[in-house]
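[1] fold the following.
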Amino acid sequence: MLIHWLGTGLLLGASTVLCLAEDRPPCNSENVGEMWPETANHDHKEVVRLARCGQLQMCVQHGKKFRWESLTVRIDQLRDPAKLDPGDACEVSPKAGNSGPSSAAK
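    Numbering: from 1, shown residues only. Down below sits the predicted model:
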């Protein structure tokens, strides 16, 4: 019983700290359809970088409720959802968009 209460307290404390650490606006009818971080709404390169990092979110409406949803995830987030540090996985090579079958044929 004590372990249950201790675990619940730790979970609530950690979620409170995470919620306070975020500085994104609340998802509501005024910003539905917008992306977070804010720079993604204006910069295509930032959208690509954040999508590859698994950090791109969009304000969406589900019925009468609004919430921020991740649009992409990294493969390491699927293996270990607790690992949220992007680390080197977010490094986008400048030639990443230029490689492909058409560039190899030239």
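[2] give the buried residues for the host helix or strand of Val48.
    According to DSSP states H and E, Val48 maps onto helix 44-53. For helix 44-53, the neighbour count (16 or more other Cβ atoms under 10 Å) marks 46-47, 49-53 as buried. Placement of C-beta: from N, CA and C, glycine included.
[3] and which of the residues you listed is nearest Met35?
    Closest to Met35 out of the buried residues of helix 44-53 is Val47 (7.1 Å), distances taken as Cβ to Cβ.
[4] look up the closest residue to the closest one, ignoring the ones flanking it.
    Ala40 (4.8 Å; Cβ to Cβ, 6 or more residues apart in numbering).
[5] what secondary structure does the one you found sit in?
    At Ala40 the chain is in helix, as set by DSSP: H, G, I helix; E, B strand; the rest coil.
[6] list the contacts for it?
    46-47, 50, 56 (Cβ atoms under 8 Å, 6 or more residues apart in numbering).
[7] kindly recompute the last result at 10 Å.
    Taking Cβ atoms under 10 Å, 6 or more residues apart in numbering, we find Ala40 in contact with 34, 46-51, 55-58, 71.
[8] quick one: least confident helix or strand in this structure?
    Every helix and strand of the chain was ranked by mean pLDDT, DSSP states H and E. The lowest is helix 101-104, at a mean of 46.
[9] where along the chain do the strands fall?
    35-36, 57-62, 65-70 (DSSP state E).
[10] in a markdown table: those, plus distance to Pro26.
    Conversion of these to a markdown table gives the following (distance: least, Cβ to Cβ, whole Å):
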| stretch | distance to Pro26 |
| --- | --- |
| strand 35-36 | 11 |
| strand 57-62 | 9 |
| strand 65-70 | 8 |
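[11] I am finished for the moment; much appreciated.
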